[in-house]
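Enquirer: Sequence first, then the predicted structure:
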Amino acid sequence: MPWIIATTLTVFVPLVVLYWYVGRRLRDALGDYFVRERKRVGRYVWSVLAYVNAYPVLFLIVFLIEGRSRVPAFSGESLAIDLFFAYPFWFGLVFTVQMALVAGLMDLGRILLWPIYRKRKLAWIARQGSITLIVGIFVAVYSIVTIITDTWTVRTVEHVYRLPIGAQKLAGSLLVHISDVQGDGRTTPARLRAYVDRVNALKPDVVFFSGDLVTSGERYIASTAEILGKIDAPFGKIAAVGDHDIFSDKDSVMASLRRGGFIMADDTTVTVSVRGEVVSVTLVTHTYRQRPDHNDLGRAVDGANGNLKIFLVHQPAESLVDFAGSQGYHLFLAGHTHGGGVAFGIPGLFLFSPASTESKYVSGFYDVGTMLVSVTNGIGMTLAPIRFHAPAEISVIRLVS
């Protein structure tokens, strides 16, 4: 079974249960206000939920009939599909999961506080509809505002890294880390140019790109690489190979980025001079289709003798983080996760996304021994046309003595 169909079915089936759970709560709450129209209200609720879930059904039908040739239409190529199917589905999914989490916590609270609840059961039942509607409105507004903010704005996150003895010439240098630009019908040239302008406004000394130039196909490779080529970094621009670079056309991606001034290679170490200091950058290709074995890693780190050693890769695999740490690297830079892309939960308490099942390094900066791990969210999108609890971003590492 193609992974696209397997993924869609895997996600869709448990969602039916969540939609049923939330749908019942909303139907009962609205029914308390429209007692005489209770059955009609129920039909409206289930009709809306059926409509917002038409997107994966439509995708499966088109894929089975037309094959992969129609996949780009579901990746931003068709404005009609996005407006009438994709966005309603993903907005509905976010609302439903977040609402299910809150409603589940309310139900759990009733169980844990059963002696108290039993005494006030009638009072709770009388107010349950109103509480559900208030919570639903809050979750809907919160979800919409967060989606809009995380998807269509770009934040800059910064971390100060204290240089090892011997690399003090680099003090004051600014490293900018970007990833997953995913050029396609949604990550448009205008958006990419604004992104590049934000990068250049930071006046970086070196720019590192963790891969995924485009989402799929060859249509956007040259144009996206040309825009990234406008990045101005006086001491170099260096890129790793990403999953979608291989899915699309790896050779074309590499050639296009090299024309734009990027250094890009598989499993090797390159040396750049930054303010008179030797910096070793090890480029490793670790993707779903191409992963290094022990010999590849040995060759990749050969010659990494700079006073500052940087490990640049697409996927933040825990085994690679451990390996880089054991080899004395100072910085580990990766992308791939999109920061979780669409992450459900309550910020500050817990967040979960599919990326969490691949690695514990999902988003942000992590201190692993003496090594700093940076996993940046990037700007592009893949399956979902939105971001939620995973803002588009540019990561900055400021080197200090």
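Expert: Right, received. Where do you want to start?

Enquirer: Which parts of the protein belong to which domain?
Expert: 3-150, 155-400 (automatic domain parsing).

Enquirer: ranking those domains by burial, who's on top?
Expert: Highest mean neighbour count among those (mean count of other Cβ atoms under 10 Å): domain 155-400, with a mean of 20. Quick note: C-beta positions are derived from backbone N, CA and C, even for glycine.

Enquirer: Strands of the protein, start to end?
Expert: For the chain, the strands defined by DSSP state E cover 154-162, 174-178, 206-209, 237-239, 262-264, 268-274, 277-284, 308-313, 331-334, 344-346, 350-352, 364-368, 371-375, 392-400.

Enquirer: With mean pLDDT as extra columns, can I get the domains of the chain in TSV?
Expert: Listed next are these as TSV, based on pLDDT from 0 to 100:
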stretch	mean pLDDT
domain 3-150	84
domain 155-400	95
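
Enquirer: mind checking how far residue 281 is from residue 94?
Expert: 38 Å (Cβ to Cβ, to the nearest Å).

Enquirer: Looking at the strands of the chain, spot the one closest to residue 52.
Expert: Nearest to residue 52 among the strands of the chain is strand 344-346 (16.5 Å), distances taken as Cβ to Cβ.

Enquirer: Pairing partners for that closest one, with directions?
Expert: strand 350-352 (antiparallel) (DSSP bridges).

Enquirer: Please enumerate the helices of this protein.
Expert: Using DSSP state H, the helices found in the chain span residues 3-33, 38-52, 54-66, 79-81, 87-112, 114-119, 121-152, 189-201, 221-228, 243-248, 250-259, 294-301, 318-326.

Enquirer: residues making contact with the second one?
Expert: Defining contact as Cβ atoms under 8 Å, 6 or more residues apart in numbering, one finds that helix 38-52 is touched by 19, 23, 26-27, 30-31, 34, 88-89, 91-93, 96.

Enquirer: before we move on, back to that, turn the strands of the chain into JSON lines, including distance to residue 80.
Expert: Shown next, in JSON lines, are the strands of the chain (distance: least, Cβ to Cβ, whole Å):
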{"stretch": "strand 154-162", "distance to residue 80": "27"}
{"stretch": "strand 174-178", "distance to residue 80": "31"}
{"stretch": "strand 206-209", "distance to residue 80": "33"}
{"stretch": "strand 237-239", "distance to residue 80": "35"}
{"stretch": "strand 262-264", "distance to residue 80": "36"}
{"stretch": "strand 268-274", "distance to residue 80": "45"}
{"stretch": "strand 277-284", "distance to residue 80": "41"}
{"stretch": "strand 308-313", "distance to residue 80": "38"}
{"stretch": "strand 331-334", "distance to residue 80": "36"}
{"stretch": "strand 344-346", "distance to residue 80": "28"}
{"stretch": "strand 350-352", "distance to residue 80": "32"}
{"stretch": "strand 364-368", "distance to residue 80": "37"}
{"stretch": "strand 371-375", "distance to residue 80": "35"}
{"stretch": "strand 392-400", "distance to residue 80": "25"}
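
Enquirer: Residue 168: which of those is closest?
Expert: Of all the strands of the chain, strand 277-284 comes closest under Cβ to Cβ, at 8.2 Å.

Enquirer: For that closest one, give me every contacting residue.
Expert: For strand 277-284, using Cβ under 8 Å, 6+ apart, the contacting residues are 167, 169-170, 206, 208, 238-241, 263-273, 292, 296-297, 300-301, 303-313, 320, 324, 329.

Enquirer: That one: how far from the chain's middle?
Expert: 26 Å (Cα atoms, centre = their mean, to the nearest Å).

Enquirer: What strands line up against it, and which way round?
Expert: Partners of strand 277-284 in the sheet, by DSSP bridges, are strand 268-274 (antiparallel), strand 308-313 (parallel).

Enquirer: can you redo these as TSV with distance to residue 55?
Expert: As requested, the strands paired with strand 277-284 are arranged in TSV below (distance: least, Cβ to Cβ, whole Å):
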stretch	distance to residue 55
strand 268-274	42
strand 308-313	33
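
Enquirer: Which one of those strands lies nearest to residue 115?
Expert: Comparing the strands paired with strand 277-284 by Cβ to Cβ, strand 308-313 comes nearest, at 54.3 Å.

Enquirer: Taking their axis directions, that closest one and helix 294-301 sit at what angle?
Expert: Relative orientation of strand 308-313 versus helix 294-301 (axes from the mean of the first three to the mean of the last three Cα atoms, to 10 degrees): 140 degrees.

Enquirer: Show me what strand 308-313 is in contact with.
Expert: Applying Cβ under 8 Å, 6+ apart, the set of residues contacting strand 308-313 is 163-164, 167, 170, 208, 210, 238-240, 274, 277-286, 320, 324, 327-334, 399.
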